[in-house]
Structures are given as C-alpha cells and as structure tokens.
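build me a model:
(one chain, ligands or ions: 1)
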Amino acid sequence: MSFLDNIKLADEYVQHVLDGRKPAVGIVLGSGLDRLADEIEDPLVLPYKRIPGFPVSTAIGHKGNFIFGKLGGKTVVAMQGRIHYYEGYGMNQVTLPIRVMKMMGIEYLFVSNAAGGTNPDYKVGDLMIIRDHINMMPNPLIGPNLEEFGPRFPDMTRPYDPGLIRLAETIASEMGLTLRKGVYIACSGPTYETPAEYKFFRTIGGDAVGMSTVPEVIVARHSSIPVFGMSVITDVAHDAEDENYVIDGEKVVKAANAAADKMTALFKEMITRL
Ligand code: HPA
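Numbering: from 1, shown residues only. Predicted structure coming up:
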C-alpha cells in the first residue's frame, strides 16, 4: 500500500467517526501539556489505535488520542500525545496525523512541546513562541512527493505564521503574560544533550532544543497550513562543572505540567480570536 493510500484509509475511518464535524483548528499537545484537552467542550475521543495504519504514542506524558470538540467557539481537533521519531517510527508515520488533519480541513495548526533552554536568559517554566527552527532530524518530505498536498520544494521562509505570532503577543500583553520568542532546534533524541551539545546549539542560533515538532511543522507547511508553535522550557542548559546535575523525563513532564495552564489560556484565547 502506498503512503497516500495509508493516509486515505486513515482519513476514511476518521471521517466516519467525525460524522460531518469539520475541525478548523488542529492542536498538537506536547509532553505534560495535554491539560488543554480538558477544556474542549463536547469532546469526542478517538484513540489512535482504532485508526487503521496509525502509529501509537508510547512516550512519557503522552496519551494517544484525537479529541474533537469545541474550544473558543471553534471546532477543533487536538492530538493528546504525538508520535516521536525516537520511538522508532519512520517520518511518514510521525507526520501521518498532520496529513490526516489536513484531510479533515484544518485551517490552522497549533503545536506545542517541552524543550530545553539553550538561551542563557531562559528559566524553567518560561513560554517561548517559536519564531523559526533549525531541523537536525531527517526531513519528513524525503521520498516521492505527495503532489495532492504540496510542491516538491516547499518554501520555508515563514515556517511560523507572523500574524499568529502577533496575535499571541497582543493577547499575552493583555493577560500580563511574559513570553520569550526564539529559535527551536529539533534533534532526534532520545538522549538529552551533553553540555557541549547545548553550547553548540546556542552557538548556531538556537534558543531551545527538543525532540519533536519540526517534522509536523514541515509537513503542515508543505500543504500551506499556517502554524503557531510554542515551547515550554522545562530545563536549561547545564555545564559539566555541576557534578550533581541530572535531567530526566519525569522532571520534564513535571515542569511542563506546571506551565500548562498558562499555555492553555493563551491558546484558547488565540483560537477564540481567529
Ligand atoms: N533536550 C531535548 N529535549 C528536551 C529537553 C532538552 O533539554 N527538555 C525537554 N525536551
């Protein structure tokens, strides 16, 4: 079966479940950030494992559901749990949910993640608007181009929508919420970075580093979906001098949980005003 057939098969099943509902906004919820799903009214939960050909998320802090419903007066679809490259899935699998959300007709994609701060000004709990990215993972568009979705050589001049960034900044200042704005670097993981790697990522222009998001953003941009991205800083670059420092998945999820309410409030208000 071709990848396009795989997408169509998954879409067919999802359309049957949606029964005429048409989500306008797709939301990808990162590690420890799935609380936003609780805000969705009249939720319809569709576990990924019920969808033909769909990968299942196994990562810590990730459930594996599409949640359909209303948020900020709009029909939305949220991914409660995403698929990561480090889980062993190929890039087509990692980004299949984005293709399927495109088939559902989403007009905007909101993505979120937990990330390590490489910018020395950043603190645990900070929220960062992703204004650009550096991809250190394989490109998810490698392979035959899906002409139905977009061009062979997609433009990446504005991976994150300037209008959505302005909207976030306006709302944040009204809410009295301080936001960072920076460059996200995507690595495969599953290791966290060495001190030398954090320093390298800072040197090449990164403000935060994580193990996700960019494959989904590239696939969304391939089919011209405007994207808004946000990182929650769950840990910050450390140096080898600190002999007691450790970072682990539990700490990351805990820090993300602590910041999830702020991000949820921001996303909800942004979606209200779309
Ligand atoms: N590095 C990579 N991925 C992450 C980090 C980090 O420091 N924190 C949360 N996800």
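
I'd say residue 72 and residue 265 touch.
No. The pair residue 72 / residue 265 is not scored as a contact, 10.7 Å apart, by CB atoms under 8 Å. Any C-beta I mention is one placed from the backbone N, CA and C, and that applies to glycine too.

got the residues of the stretch 51-200 of the chain near the ligand?
114, 115, 116, 189, 192, 193 (CB under 6 Å from any ligand atom).

any idea where the helices of the chain begin and end?
Ranges of helices in the chain, per DSSP state H, are 3-18, 91-104, 162-175, 195-203, 214-222, 249-272.

which of those helices sits most buried?
helix 214-222 (a mean of 25; mean count of other CB atoms under 10 Å).

what's the angle from that one to helix 91-104?
Put simply, helix 214-222 runs at 40 degrees to helix 91-104, going by axes from the mean of the first three to the mean of the last three CA atoms, to 10 degrees.

who does helix 214-222 touch, helix- and strand-wise?
For helix 214-222, the packing partners by 3 or more CB pairs under 8 Å, 6 or more residues apart in numbering; DSSP states H and E come out as helix 91-104, strand 108-117, strand 127-135, strand 179-186, strand 227-236.

quick one: these as CSV, columns for mean pLDDT and distance to residue 244 too.
Converted to CSV, those look like this (pLDDT from 0 to 100; distance: least, CB to CB, whole Å):
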stretch, mean pLDDT, distance to residue 244
helix 91-104, 97, 35
strand 108-117, 97, 18
strand 127-135, 98, 26
strand 179-186, 98, 26
strand 227-236, 96, 14
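
for the residue in the chain positioned nearest to the ligand, name its beta-bridge partners.
At 2.0 Å from the ligand, residue 116 is the closest residue in the chain, using CB to the nearest ligand atom. Here residue 116 sits in beta bridges with residue 209, residue 235, as judged by DSSP bridges.
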